[in-house]
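>>> Starting from these lines, generate the structure:
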Amino acid sequence: MHGKQQATLSVEQIDKAGESLNAITGSVAAIAEKNVQIAKTGEEHRAVSRDINNSVREISTMADQTASETRGMTASSKHLAETAEELQQMLRQFRIQ
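Below is the predicted model of the structure:
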């Protein structure tokens, strides 16, 4: 092989190597962009999970308050029923004959 042919072959190999490096660089950039998207998606999922957890805690608190208020209303209803019974007994004593 002559020097000119070797030089031409070397230039072709360098061009191919450059094309390969450009392809690799493009692939690395695409992978980096996908990693950024994955990270953003992960953060969005964490934010949604926090919101759901907060909502569940609020619902639980409301359920506890409702249960407490229901117990209070039950006690009031019982007291009212007892008072009504006492009034009926008093009315029976004062029946006009």
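
>>> Distance check, A67 against L80.
As judged by Cβ to Cβ, to the nearest Å, A67 and L80 stand 20 Å apart. The way it works is simple: take the backbone N, C-alpha and C, and place the C-beta from them, glycine included.

>>> typed the wrong thing, it's I38
62 Å.

>>> Just give me the residue right at the centre of this protein.
S49 (2.0 Å; Cα atoms, centre = their mean).

>>> quick one: secondary structure of it?
Following DSSP: H, G, I helix; E, B strand; the rest coil, S49 is assigned to helix.

>>> Distance check, D15 against S27.
Taken as Cβ to Cβ, the span from D15 to S27 is 19 Å.

>>> Tell me where this structure has helices.
With DSSP state H, the ranges of helices along the chain come out as 3-93.

>>> where does it have low pLDDT?
1, 96-97 (pLDDT under 70).

>>> 50 instead?
The model of the chain has no residue with pLDDT under 50.

>>> tell me the phi and psi of F94?
The phi and psi values for F94, taken as degrees, to the nearest 10, are phi -100, psi 30.

>>> can you count the residues close to it?
Burial measure for F94: 6 neighbouring residues, criterion other Cβ atoms under 10 Å.

>>> do I52 as well
So I52, with other Cβ under 10 Å, has 10 neighbours.

>>> list the contacts for it?
Residues in contact with I52 (Cβ atoms under 8 Å, 6 or more residues apart in numbering): none are found.

>>> Could you give the separation of stretch 19-30 from the chain centroid?
36 Å (Cα atoms, centre = their mean, to the nearest Å).

>>> Output that stretch in CSV with nothing but the alpha carbons.
Extracted C-alpha coordinates of stretch 19-30, given in CSV (Å, rounded to 0.1, in the frame of the first residue of the first chain):
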residue,chain,number,x,y,z
GLU,A,19,-19.6,9.7,13.0
SER,A,20,-19.6,7.0,15.7
LEU,A,21,-18.7,9.5,18.4
ASN,A,22,-21.4,11.8,17.2
ALA,A,23,-23.9,9.0,17.4
ILE,A,24,-22.7,8.1,20.9
THR,A,25,-23.0,11.7,22.0
GLY,A,26,-26.5,11.9,20.6
SER,A,27,-27.5,8.7,22.5
VAL,A,28,-26.0,10.0,25.7
ALA,A,29,-27.9,13.3,25.4
ALA,A,30,-31.1,11.4,24.7
